[in-house]
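Visitor: Give me coordinates for this.
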Amino acid sequence: HYVFGKCAACYLELLKRTLIMNSKERIAKALTVATDTKVFEMGCGVSSLAPEEFKKWFPESKAAVVVADLNTWKVLGQKVYDEFVAAGVHTDKYVIETKEFHADWRYVDMVDHIIAGDFSAAKAIENDPEYVEPDAEKAFRPSSEAEYVTISVGSGVINDLCKLASHHYGQSYLTLPTAASVDGFSSFGASISYHNSKQTFSCPAPKVIIADIDVIASAPKAMTAAGYADLAAKVPAGAEWMIADLMGTEPIKPDAWHVLQDCLDDLLADPEGVAKGDKQAVADLFEGLTLSGIAMQAAQSSRPASCCDHLFSHILDMTHHRFNGKLQSHGFQVAIGTLTMCAVFDELFKMDLSKIDVDACVKAWPTLEQEQKRALEIFKNFPAPELGYTEITKKYDDAETVRVQLTKVKEGWPELKKKLQGQVYSFAKMQDLMKKAGAPYDPSMIGVTREMLKNMFPKVQLMRFRFNVLDLAKRGMFYDQLVESVFAPGAAWDLTKEMN
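Guide: Here you go, the predicted model:
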């Protein structure tokens, strides 16, 4: 992987140290750059440590409330609740009874009321068929109104709900994941759907993470496969961060980069073990997901963990996409986004960007008003019609800035290409890994046609302020060629070979 600001000798020494570093050492080192998380315990049977860690890190709290859903209550929630009570901690519980739910603002509002001790209002919000989202800015409340500290027991969704709701009271929480399904357990920020738009709300990560591998390795295989795909997304996401770093829009933060990227290949190396539920393989996967979240803490953004790979998933979430009547998991959707971006890079590497005509590109570069108009047209029938307009306004660069950016790419293409190739897996390699891990490896496996996927590209390029490889393609006037090549005969998503 690309190491920024390091000489070759330094890199070799760093690589040597990384190879001999075991899991506990990696975790301990990661916690030194974490801004929020103080404890990350991972191992078999460690859920029993939760009451004592709670007493240690939340000594002033009035009480704990275990938040779980119907499944995770049975798997771990009841046990944790009983152990907290036995340890003398004043503890209550709230079990979400809705069978299928996502990280929507409704449920953040629900947990806000749980923390305040108003369980009846929380249940009313959970079940209200005519629920109307309130003003998110008015969700913040005095810490004195908090009656409970949440103990999140469950998936990434429950974790994000507890994370943002706890932030509304200026307090932290303790989380016990029940599956290695996402990297959000340790991340800075919560990904929540608000006003039909998938948004990342700034909020601190949990103070304490306790990952019981006995529980996590027993999770449904589809959830673990989803987590593998979410971790694999850091491969192309890292390459897009390299490009953003070169463009000067989001410089690489070394602590955030090295905490995961230095060991990412190793933590992705046993997809078969992940598929079998092998405890060591699942522990490696969960470690990688947690390190990803800590990288986000260090960066204070989601830049280390996602780029275009996740935006395909956001589109599917915001359009309430279902397959066989079911909402698809974040990780399964990200699997297809990740494969797609690996295919994009495969095609990019066939191009010679040292031949870009910078003057012609600058001359053709649209004004901000033209880009805003294009964004409104692309998103006009989308659930969040002004999303593209808002985001392109944030990330628009004027013609002279584009000249500087393209000149950097043109003059440094051989070196940049080599570095990107050292970071990104080929489509064929990534598809093989997804197959072995039990994750989707063709869009049809989540109910998306290749044509649908192709039609998402204009939105993906525009829907986030974050600089991505498609922004580079737009600047260099090779966007259409790049996208078409991914779906051409014989290519990764050959439109003539739709799978049924």
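
Visitor: rest of the way, CA atoms for contacts and neighbours
Guide: Noted.

Visitor: now the helix or strand harbouring Trp413: mean pLDDT?
Guide: Per DSSP states H and E: Trp413 is located in helix 399-423. Mean per-residue pLDDT for helix 399-423: 98.

Visitor: got it, and stretch 492-500?
Guide: Confidence over stretch 492-500 (mean pLDDT, whole number) is 91.

Visitor: Buried residues of it, list them for me.
Guide: Neighbour counts over stretch 492-500 (16 or more other CA atoms under 10 Å) mark 492-495 as buried.

Visitor: Now do it: everything it contacts.
Guide: By CA atoms under 8 Å, 6 or more residues apart in numbering, the residues outside stretch 492-500 that reach it are 343, 427, 442, 444, 449-451, 486-489.

Visitor: Over to stretch 117-126?
Guide: 94, 96, 98, 106-107, 109-114, 131, 146-148.

Visitor: And for stretch 43-55?
Guide: With CA under 8 Å, 6+ apart, stretch 43-55 has contacts from 80, 83-84, 87, 89, 174, 176, 208, 210-214, 283.

Visitor: switch to 10 Å and redo it
Guide: Residues from elsewhere that reach stretch 43-55 (CA atoms under 10 Å, 6 or more residues apart in numbering): 39, 41, 56, 58-59, 61, 64, 76, 79-89, 149, 151, 173-177, 207-217, 279-280, 283.

Visitor: Strands along the chain, start to end?
Guide: For the chain, the strands defined by DSSP state E cover 39-43, 64-69, 91-96, 149-154, 174-177, 190-194, 197-201, 208-212, 322-323, 326-327.

Visitor: Pull out the buried residues from the contacts of stretch 117-126.
Guide: Here, 16+ other CA under 10 Å leaves 94, 96, 106-107, 109-114, 146-148 buried among those.

Visitor: Let me have those in TSV, adding distance to Met499 as columns.
Guide: Shown next, in TSV, are the buried ones among the contacts of stretch 117-126 (distance: CA to CA, whole Å):
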residue	distance to Met499
Tyr94	43
Ile96	37
Arg106	37
Tyr107	36
Asp109	41
Met110	41
Val111	41
Asp112	44
His113	46
Ile114	46
Ala146	52
Glu147	53
Tyr148	50
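
Visitor: Filter the residues you listed down to just the ones in helices.
Guide: By the criterion of DSSP state H, membership of the buried ones among the contacts of stretch 117-126 in helices covers 106-107, 109-114.

Visitor: Can you add pLDDT and give those residues back as JSON lines?
Guide: JSON lines is the format used below for those (pLDDT from 0 to 100):
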{"residue": "Arg106", "pLDDT": "97"}
{"residue": "Tyr107", "pLDDT": "98"}
{"residue": "Asp109", "pLDDT": "98"}
{"residue": "Met110", "pLDDT": "98"}
{"residue": "Val111", "pLDDT": "98"}
{"residue": "Asp112", "pLDDT": "98"}
{"residue": "His113", "pLDDT": "98"}
{"residue": "Ile114", "pLDDT": "98"}
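
Visitor: Among those residues, which one lies nearest to Ile27?
Guide: Nearest to Ile27 out of those is Val111 (CA to CA; 29.7 Å).

Visitor: isn't the closest one right up against Ser166?
Guide: Yes - between Val111 and Ser166 a contact is recorded at 8.4 Å, counting by CA atoms under 10 Å.

Visitor: so what sits against both of those two?
Guide: Thr150.

Visitor: Contact partners for Lys276?
Guide: 217, 221, 224, 282, 436-438.

Visitor: And Lys395, by the same measure?
Guide: 249, 368, 462, 464-467, 471.

Visitor: before we move on, back to that, filter the contacts of stretch 43-55 down to just the buried residues.
Guide: The buried subset of those - by 16+ other CA under 10 Å - is 39, 41, 58, 61, 64, 76, 80-81, 83-84, 89, 149, 151, 173-177, 207-217, 279, 283.

Visitor: Where does pLDDT dip in this structure?
Guide: 1-21, 500 (pLDDT under 70).

Visitor: Roughly how far does His167 sit from Ala299?
Guide: Distance, His167 to Ala299, using CA to CA, to the nearest Å: 18 Å.

Visitor: same question, Lys38
Guide: Counting by CA to CA, the separation of Lys38 from Ala299 is 17 Å.
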